[in-house]
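Asks: turn this into a structure:
(4 chains)
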2 protein chains.
Amino acid sequence: MSQSDTLTPLIVDLAKREKKHQVVCEACALYRLCLPLGLHRDDLVVLDQLVKRRQSYKRKQDLFTTNDTFSALYVVRSGSFKTTISTSNGREQVTGFYFPGEFIGLDAIHMPSYQSNAIALESSSVCALPFDNLQQVGERLPRLQIQLLTRLSRELAGDKSFMLLLGKKTAEEKLATYLISLSKRFQDRGFSAQDFRLTMSRNDIANHLGLAVETISRVLTKFQGLGLVVINGKDISLKDITKMEALCG
Amino acid sequence: MSQSDTLTPLIVDLAKREKKHQVVCEACALYRLCLPLGLHRDDLVVLDQLVKRRQSYKRKQDLFTTNDTFSALYVVRSGSFKTTISTSNGREQVTGFYFPGEFIGLDAIHMPSYQSNAIALESSSVCALPFDNLQQVGERLPRLQIQLLTRLSRELAGDKSFMLLLGKKTAEEKLATYLISLSKRFQDRGFSAQDFRLTMSRNDIANHLGLAVETISRVLTKFQGLGLVVINGKDISLKDITKMEALCG
DNA sequence: CATTTCTCTTGATCTAGGTCAATGAAATTA
DNA sequence: TAATTTCATTGACCTAGATCAAGAGAAATG
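Replies: Next up is the predicted model:
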């Protein structure tokens, strides 16, 4: 519905571009960060036709939910998402936050259905890479597979170091590590490493880091007292990144 | 050195088998659990030649260490391994335990060097899948790549639910979840789901679960008091798996 | 634009599990 | 097989961070 609305003009646009030997992905602002990087021109044309662009989601809207049929991988185009999983008795863990150029759904590739919930934190959009036939796509685009393997591996490595955070770090170290990680990711995306907006709630941050909301508040207040950050609601400014890095443990 | 010692006769063996259109992997006891599953006959012959078999490691010996050049993925053939990562100031997190048929090193695929340390918990052996040219291997064996993608995705999903454990579960739930997870893995490997040996130390378990050794001891003692388990040093017997599953939260 | 509902902050109190200490049991080494 | 070292268990005590409570902003909703 909202999907086909936004998609129709793009398919036309896509056809036009192809005549001119242009490729939509090449024109995308995320090109440098996204999947196509490293693909050859021919591959890119194929990829370009596979991808469903610019599906929009508003704040709190689900991209997918645990047990939904696995149909596609998603790349964030704009905005941000969180993913969560739950215990049978209802406790929930925020397993990650996702920003433009990052993949959502990689943990479901082998499965008939998604393994987590993905929810928009603000008005956001994604590109969908349909995966009804992984085998076929893979044989057609081996380099795409290598890209996926790389992405998956990188996320795995990230999750391993997140285990170190959850298992071994103090509240202050956890929050410092989290802020530095956000800062780096924003910088990679061409935004300020110093000033950014926390699109997720304090509750989401707390949950993700294995802490209580109150602890997040207290530590942020403490960091502000130390002159490490200036906080204004959801906006944060890192005043001494070096010192903050030293606090990561 | 010890590697080529054990390898030489196997290469001869390999050549012999190939003349008879046999493939070493097919004869392996782990065949059902391991990588080749889903590969076609032709692929299997190629894979078979790539794999370096039966490298042996003794207790506490490193398979690799953080920053070693990434050269191969490993599949456990026998025994068991743990992987760890560390903070700059020396705190260590056990990020996983690996049993026969499981992959080690998947988090390093995109990297020039390994991202963690892998250490044998007992006398163990592995098959190595050299990865000096992922691109080339991938184009030659697209189905192998799909297998890898699947493995990686599965490990990622496992790590996400481990985050739930680390972030949201109590000491009892953590240990119950861990024991049930081991039980399932042993069962998948054709061993008893009820009686098995904890090849890792209490310290390793505690570290992995984000707890203190003393807590592991206390909870195990409590579980034994409840008649849920019988413990004899490193041997454990799950006396009521259903009840234990209910404790996982 | 008023109201209801979330979200954030701060303070007071509590507790799960950590730390410290001592002892015993295994395993390793000599 | 004794000696040394490492590993596991148990008890006593302590603390980081959770929980509870209350109020103040924001922001969604009618």
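Asks: hey, let's count contacts and neighbours off CA atoms from now on
Replies: Noted.
Asks: surely residue A:87 and residue B:246 touch.
Replies: No: Residue A:87 lies out of contact with residue B:246 (CA atoms under 8 Å); the separation is 11.6 Å.
Asks: neighbour count winner among these two?
Replies: The residue with more neighbours, out of residue A:87 and residue B:246, is residue A:87; 15 against 11, by other CA atoms under 10 Å in any protein chain shown.
Asks: grab the most central residue of chain A for me.
Replies: residue A:98 (1.9 Å; CA atoms, centre = their mean).
Asks: from DNA strand D, how far off is it?
Replies: Relative to DNA strand D, residue A:98 is positioned 19 Å away (CA to the nearest atom of the strand, to the nearest Å).
Asks: and stretch A:204-220, end to end?
Replies: Counting by CA to CA, to the nearest Å, you get 15 Å between the two ends of stretch A:204-220.
Asks: how far does it sit from its chain's centre?
Replies: Centre-to-centre, stretch A:204-220 and its host chain are 20 Å apart (CA atoms, centre = their mean, to the nearest Å).
Asks: that stretch near DNA strand D at all?
Replies: Yes: Stretch A:204-220 reaches DNA strand D (CA under 7 Å from any atom of the strand) through A:210-215.
Asks: now, the residues you listed that are in helices?
Replies: Counting by DSSP state H, those place A:213-215 in helices.
Asks: so for whichever strand or helix holds residue A:46, what's the average pLDDT?
Replies: Using DSSP states H and E, residue A:46 sits in helix A:41-50. Predicted confidence along helix A:41-50 averages 84 (mean pLDDT).
Asks: extract the C-alpha set from the helix or strand that that helix is followed by and format it as PDB.
Replies: Next helix or strand after helix A:41-50 toward the C-terminus (DSSP H and E): strand A:52-57. The C-alpha coordinates for strand A:52-57 follow below in PDB (Å, rounded to 0.1, in the frame of the first residue of the first chain):
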ATOM      1  CA  LYS A  52      13.000  -2.200  -3.400                       C
ATOM      2  CA  ARG A  53      13.700   1.300  -2.500                       C
ATOM      3  CA  ARG A  54      12.500   3.800   0.000                       C
ATOM      4  CA  GLN A  55       9.900   2.000   2.000                       C
ATOM      5  CA  SER A  56       8.800   4.400   4.800                       C
ATOM      6  CA  TYR A  57       8.100   3.700   8.400                       C
END
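Asks: strands paired with the following helix or strand past strand A:52-57, and their directions?
Replies: Note on strand A:52-57: by DSSP H and E, the next helix or strand toward the C-terminus is strand A:62-64. Using DSSP bridges, strand A:62-64 pairs in its sheet with strand A:117-120 (antiparallel).
Asks: list the contacts of the partner strand.
Replies: Around strand A:117-120, the neighbours that count as contacts under CA atoms under 8 Å, 6 or more residues apart in numbering or on different chains are A:57-66, A:79-85, A:104.
Asks: buried among the residues you listed? Need that as a selection in ChimeraX.
Replies: Of those, the buried ones can be selected in ChimeraX as follows, counting by 16 or more other CA atoms under 10 Å in any protein chain shown:
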select /A:57,61,62,63,64,65,66,79,80,81,82,83,84,85,104
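Asks: restrict the contacts of strand A:117-120 to those near DNA strand C?
Replies: Near DNA strand C, by the rule CA under 7 Å from any atom of the strand, you find none of these.
Asks: how about the helices in chain A?
Replies: Counting by DSSP H, chain A has helices at residues A:2-19, A:24-27, A:41-50, A:134-140, A:142-168, A:171-188, A:202-209, A:213-225, A:241-246.
Asks: can you show me the CA trace of the second one as PDB?
Replies: It stands for helix A:24-27. Provided in PDB are the C-alpha atoms of helix A:24-27 (Å, rounded to 0.1, in the frame of the first residue of the first chain):
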ATOM      1  CA  VAL A  24      20.100   4.200  -8.900                       C
ATOM      2  CA  CYS A  25      22.400   2.800  -6.200                       C
ATOM      3  CA  GLU A  26      25.300   4.800  -7.700                       C
ATOM      4  CA  ALA A  27      23.400   8.000  -7.200                       C
END
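Asks: mind giving me the packing neighbours of that helix?
Replies: Using 3 or more CA pairs under 8 Å, 6 or more residues apart in numbering or on different chains; DSSP states H and E, the elements in contact with helix A:24-27 are helix A:41-50.
Asks: counting contacts, what elements does the helix it packs on pack onto?
Replies: Checking 3+ CA pairs under 8 Å, 6+ apart, helix A:41-50 ends up next to helix A:24-27.
Asks: what are the buried residues along the helix it packs on?
Replies: Quick answer for helix A:24-27 (16+ other CA under 10 Å): A:24-26.
Asks: and what of stretch A:211-227?
Replies: Buried residues in stretch A:211-227, counted by 16+ other CA under 10 Å: A:211-212, A:216, A:219-220, A:223-224.
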